[in-house]
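[1] This is the structure alone, sequence omitted:
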């Protein structure tokens, strides 16, 4: 049974989530403040996922996310945000969150998102074989090659790094700033915002069946991009 920690101070939402998540086979602990969440995270039992509200009486869910990531903990994190809090969504993803769902949301949708993220997290061990298959592509990270079916793709170094970044974060929305930071190679070679748009277009032309209607490399309006291997 997967153990989840919910950080939320709305009792009505807590009751609904507790009923639905436990009915779907999850074990749920609840923290109603940042202080309670910090105490729960210091306990001996690890959590399989954190569900973090943004605004709490004594702080924010961002604080918890940042502390968790600063400690090297890669536990999957989903933020619960209000529908009109676009800046909160961006900050949550930048602070290390893996996904977000906007309120009000359907409990069934949340359960599906939790299972999908847990599944991706458990399968995220690419270093073991050096090869990752995701959707239409196969990455051979040892050889530094990418195949579309049986066809070897001709990619530039930046395009290859960008595709690896997306595949390694399958199902996660990546902000443009996060992508730009990751593509900086430490030798003064970097990608600016306009060049990133060009690389996205070129990858779609090489990977998607219809580049104008992408099924895998998706745009998340106002935030960034998301790779969906299981389109």
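    Happy to help now that I have it. Keep in mind it's a predicted model, so treat the numbers as computed, not measured.
[2] Is residue 65 located within a helix, as I assumed?
    Yes. Counting by DSSP: H, G, I helix; E, B strand; the rest coil, one finds residue 65 located in a helix.
[3] On the C-terminal side of the lowest-mean-pLDDT helix or strand in the chain, identify the next helix or strand.
    Lowest on mean pLDDT, DSSP states H and E among the helices and strands of the chain sits helix 107-123, with a mean of 79. Later in the chain than helix 107-123, the nearest helix or strand by DSSP states H and E is strand 131-134.
[4] Going toward the C-terminus from that following strand, what's the next helix or strand?
    strand 137-140.
[5] And that next one, what's buried?
    Going by neighbour count (16 or more other C-beta atoms under 10 Å), the buried part of strand 137-140 is 137-139. Glycine gets a C-beta too; all of them are placed from N, C-alpha and C.
[6] Sort out which one of the residues you listed lies nearest residue 150 for me.
    residue 138 (9.4 Å; C-beta to C-beta).
[7] Tell me the spacing between that closest one and residue 18.
    42 Å (C-beta to C-beta, to the nearest Å).
[8] just residue 86 next, same as before
    Distance from residue 86 to residue 18, by C-beta to C-beta: 28 Å.
[9] show me where this protein has helices.
    With helices called from DSSP state H, the chain shows them at 11-23, 34-41, 61-70, 86-94, 107-123, 157-168, 176-183, 193-207.
[10] Redo those as TSV? Include mean neighbour count and distance to residue 101.
    Formatted as TSV, those follow (neighbours: other C-beta atoms under 10 Å; distance: least, C-beta to C-beta, whole Å):
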stretch	mean neighbour count	distance to residue 101
helix 11-23	14	11
helix 34-41	18	18
helix 61-70	19	13
helix 86-94	19	10
helix 107-123	15	6
helix 157-168	18	21
helix 176-183	16	19
helix 193-207	16	25
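[11] Nearest to residue 5, out of these?
    Closest among the helices of the chain, using C-beta to C-beta: helix 34-41, at 5.7 Å.
[12] picking that back up, identify the residues contacting the least confident helix or strand of the chain?
    With contact meaning C-beta atoms under 8 Å, 6 or more residues apart in numbering, helix 107-123 is reached by 2, 4, 16-17, 20-21, 24, 26, 48-49, 51, 74, 76, 78, 98-99, 101, 170-172.
[13] One more: stretch 10-24?
    Counting by C-beta under 8 Å, 6+ apart, 4, 6, 8, 28, 30, 32, 51, 53, 103, 107-108, 110-111, 114 sit against stretch 10-24.
[14] rerun at 6 Å
    Identification of contacts with stretch 10-24 by C-beta atoms under 6 Å, 6 or more residues apart in numbering yields 8, 28, 30, 107, 111.
[15] try stretch 157-176
    90, 93-94, 98, 120, 132, 134, 139, 182-183, 199, 203, 220, 223-227, 229.
[16] got any ranges where the chain has weak pLDDT?
    Filtered on pLDDT under 70, the chain yields the residue ranges 1, 83-85, 120-129, 184-192, 231.
[17] Mind doing that once more with 80?
    Across the chain, residues meeting the criterion (pLDDT under 80) sit at 1, 44-45, 82-86, 88, 119-130, 181-194, 230-231.
[18] picking that back up, tell me the one among the buried residues of strand 137-140 nearest to residue 42.
    The closest of these, once distances to residue 42 are taken by C-beta to C-beta, is residue 139, at 37.6 Å.
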